[in-house]
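> Give me a 3D structure for the following:
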Amino acid sequence: MAEENAEGQEGQAEEGEALQLSPSEPEPQGGNKMLFIIIGAVVLLIIIVSVVLLLLFLSDDDDIRIKGGPEEAEFVELYNKRMQYTLEPIAKPLYTDPYIYTVNMRNGRNYIHIKIQAITQDPLAITFLEARTPLIDDRLITLLRAKSPQDIQTRTGLEMLKQEIFIEFNELFPQEFIDQSASKDRMPIKDILITEFFIQ
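Model prediction:
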């Protein structure tokens, strides 16, 4: 019996030795560095996502936002010049026949379909434009072919396109026409309407 107890104690001692853990080795310094790198990467990712979301919320396409580039500065100048002539409501608007175009865009992969009408108060301006339809077609097709989808997908871009069309129409009228007109108006076309528009 004593032998059994001795064997049991020896067995327990052996098991204890087997269960005894080896002394813990010091953790390498690289573990702490890796932890800091992961935390830094997560914080940086959160900051980047926050900035992107903030920019998305602030860039609302329904608002005309001028961000300061040369194209936007030119737009502001031209748009303000146009507004000087359209502050007063048009008493008796006259509309040209629609000009309808489907044109390949600058990138060669997309095309634009657009329907345009010009507004005037001068009946002679309508007659003048009707006689120059091929010239108008040439100017507007050239203008539209120079555009990329990104140029006119926003409201600002579409307003800039209207402004350019507005200028193209009014540049058609020579000084002789203005001198002979009853109103002597240097801008016979008062506004441009885009009644159909899509990019494919």
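> Spell out which residues sit in contact with the closest residue to residue 153 other than its chain neighbours, please.
Nearest residue to residue 153 in three dimensions, chain neighbours excluded: residue 199, at 7.1 Å (Cβ to Cβ, 6 or more residues apart in numbering). For glycine as for every other residue, the C-beta is placed from the backbone atoms N, C-alpha and C. Contacts for residue 199 (Cβ atoms under 8 Å, 6 or more residues apart in numbering) come out as 105, 110, 111, 112, 113, 149, 152, 153.
> Let's see that with 6 Å instead.
Going by Cβ atoms under 6 Å, 6 or more residues apart in numbering, residue 199 touches 110, 112, 149.
> List just the nearest of these to residue 94.
Nearest to residue 94 out of the contacts of residue 199 is residue 112 (Cβ to Cβ; 26.4 Å).
> name the element that closest one belongs to?
Taking DSSP states H and E as the criterion, residue 112 maps to strand 111-120.
> Looking at neighbours, which among the contacts of residue 199 is most surrounded?
If you count neighbours using other Cβ atoms under 10 Å, the busiest of the contacts of residue 199 is residue 112, which has 21 neighbours.
> what bridges to it?
Beta-bridge partners recorded for residue 112 (DSSP bridges): residue 103, residue 199.
> Give me the neighbour count for residue 104.
Based on other Cβ under 10 Å, the number of other residues close to residue 104 is 13.
> Residue 117 too?
Residues near residue 117, counting by other Cβ under 10 Å, number 15.
> Skipping adjacent residues, who's closest to it in space?
residue 193 (4.7 Å).
> That neighbour belongs to a strand?
Yes - assessed with DSSP: H, G, I helix; E, B strand; the rest coil, residue 193 lies in a strand.
> Kindly indicate which of the contacts of residue 199 lies nearest residue 40.
Nearest to residue 40 out of the contacts of residue 199 is residue 149 (Cβ to Cβ; 39.0 Å).
> Please name the residues that touch the closest one.
By Cβ under 6 Å, 6+ apart, the contact set of residue 149 is 110, 199.
> Could you pull up the mean pLDDT of the longest helix seen in the chain?
Longest helix of the chain, by residue count under DSSP state H: helix 30-58. Helix 30-58 carries an average pLDDT of 78.
> Over to stretch 155-175?
Stretch 155-175 carries an average pLDDT of 92.
> What is the burial count for residue 128?
For residue 128, the count of nearby residues is 17 (other Cβ under 10 Å).
> out of everything not next to it in sequence, what's closest to it?
residue 177 (6.2 Å).
> if I've got this straight, the one you found is in a helix?
Yes - residue state for residue 177 (three-state DSSP) corresponds to a helix.
> Going by residue numbers, what spans are strands in the chain?
94-95, 99-104, 111-120, 189-199 (DSSP state E).
> right, and those strands - which one's nearest residue 166?
If we rank these by Cβ to Cβ, the stretch that ends up nearest is strand 189-199, at 4.9 Å.
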